[in-house]
Every structure is written in structure tokens, then in C-alpha cells.
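Asker: Got a predicted model here, sequence first, then my questions.
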Amino acid sequence: MEETERNDEEGGNPMRDVNTNIFNDKQATYTGLDAAFRILIVDDSLADAELITILMKNVQHPHEEYVVQDASEAIDFLHQRGKYAKAPRPNLILLDINMPGMSGLELLSRVKQDLYINTIPVIMLSTTNSPEEVRRSYQLHANAFVQKATDLDTAQRLIQSIQGFWMNFAVLPPVEQKSAYCATMGRPHEPSTTVPSI
């Protein structure tokens, strides 16, 4: 995938016109688009994540994609910790179910029980449409369950659906800053470390 942070030939400043952001220890780029629809992709398969980001380039609505590869990174991103201290709050999470370590279902459970982030819509992604995975996803309050695309046409229709519904039609809760949340709750924000049994 093309690097998302490049230097301007004249001034040497990072270019800010890209809308795909893949975080790692050396790279953390933001576009600074206040009206952008932000999607957090949580998937240990960079190939699957890259396909989504490539197809998102055809979306007309201002948008940004951020990619993390495991649940631990996702939690840090959502709580703006460590290298994700300046990460924006996403409007939508695309969450792979089958990941090493903490599974997508375990992460979903944590997200939906955390008062700071539980209003963020989560779409579960899986290579199968296992009835048990579907049932558990909705029991844990996933907003949708989608089988991963096996061909380009299906993948394009998924992106079109995200744009048509989540970007253009759905009314989402306002983005709440952590400081405002803490003031409202009257206490410092301390995310739960307990993972409920699934």
C-alpha cells in the first residue's frame, strides 16, 4: 500500500490530503478533516483491511480510515493512549471476529460495556456466517453482522452500503470528547479491564 505520509517537495511538511491511515510504531497520520466520517478497521489481515481502504477511495463523502491489527491496539486507539494519544474518535468500527489473542467478540463486549465508547456503531466481519457467531454478535449489541466479501463486486457493494446508510442516512450520536465525558461523569475516565465471558 502507498505510504500515507509523504514529504512535500518544497517545504518538507507532511502532506495532509490523504484519507487512509495505517498506524504502526513509525507512522501516525491524520488528515485534519473536521467533517470527515471516520472508520476504525480492526483486522489482523492487512490484505482485507487494505481492500476496504482502496475501495473507500471511490466514496465521495469526506472520510478517513484507520487500521489497527488487534484488540489491544483498538482499545488504545479508542481511549487515545500511547501512540494513539491524538487518535480521533471513530464514527464507525469494522471489527473482524477471528483475531489472535482477544477475539472480535471479546472486544465487542468490552466496547459495548464501556460508557465512553459504547455508542459507536460496530459492524462485525467474519469469513463465515456461522449462526453461533451471528447470534453472539447481536447478543453483544453489534449493530450489524457482515460476511467478508469473497469477490470484488461484493466488496464494492459493502462500501456502497456503508456510504449510503452510515454516512448519508443514519443519524449518529455526537462525538464526545474524553474531557467532556469525564466532567459529566464526575470522575476520571478509567476503562474497565474486565472482559465478560462470552
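Answerer: Happy to help now that I have it.
Asker: where in the chain is pLDDT low?
Answerer: Applying pLDDT under 70 to the chain flags residues 1-34, 176-198.
Asker: run the last query once more with 50
Answerer: Along the chain, the parts satisfying pLDDT under 50 run over 1-20, 24-33, 179-180, 183-196.
Asker: Can you show me the helices along it?
Answerer: Along the chain, the stretches classed as helices by DSSP state H are 46-55, 71-78, 104-113, 131-139, 152-161, 178-185.
Asker: how about those, which one is nearest L40?
Answerer: helix 71-78 (6.4 Å; CB to CB). No exception for glycine: its C-beta is placed from N, CA and C like everyone else's.
Asker: Report the central residue of this protein.
Answerer: By CA atoms, centre = their mean, the chain has its centre lying nearest to L40, at 1.4 Å.
Asker: Report the spatially nearest residue to that residue, omitting neighbours in sequence.
Answerer: P90 (3.9 Å; CB to CB, 6 or more residues apart in numbering).
Asker: circling back: dump the helices of the chain into TSV; add distance to M167 and mean neighbour count as well.
Answerer: Formatted as TSV, those follow (distance: least, CB to CB, whole Å; neighbours: other CB atoms under 10 Å):
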stretch	distance to M167	mean neighbour count
helix 46-55	14	17
helix 71-78	20	21
helix 104-113	21	22
helix 131-139	22	15
helix 152-161	10	14
helix 178-185	24	12
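Asker: picking that back up, touching, the residue nearest to L40 and Y66? I think so.
Answerer: Yes: the criterion here is CB atoms under 8 Å, and P90 meets it with Y66 at 6.8 Å.
Asker: returning to that earlier point: output the helices of the chain in CSV; the columns should cover distance to V171.
Answerer: Output for the helices of the chain, formatted as CSV (distance: least, CB to CB, whole Å):
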stretch, distance to V171
helix 46-55, 24
helix 71-78, 21
helix 104-113, 19
helix 131-139, 21
helix 152-161, 17
helix 178-185, 20
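Asker: looking at the ones you listed, which is closest to I97?
Answerer: That would be helix 104-113 among the helices of the chain, by CB to CB, at 3.9 Å.
Asker: Show me whatever sits in contact with both of P90 and Y66.
Answerer: 38-40 (CB atoms under 8 Å, 6 or more residues apart in numbering).
Asker: Might one say that V134 is in contact with F145?
Answerer: Yes: contact criterion CB under 8 Å: V134 and F145 qualify, at 5.0 Å.
Asker: Tell me the spacing between the residue nearest to L40 and Q80.
Answerer: 11 Å (CB to CB, to the nearest Å).
Asker: Of the two, give the one with the bigger neighbour count.
Answerer: P90 (24 against 15; other CB atoms under 10 Å).
Asker: Could I get the contacting residues of the more buried one?
Answerer: Contacts of P90 by CB under 8 Å, 6+ apart are 38-40, 66, 78, 120.
Asker: do the same with A170
Answerer: Neighbours of A170 in contact, by CB under 8 Å, 6+ apart: P121.
Asker: Which residues does stretch 131-144 contact?
Answerer: 95, 97, 105, 108-109, 112, 118, 121-124, 126, 145, 198.
Asker: Sweet, I'm off.
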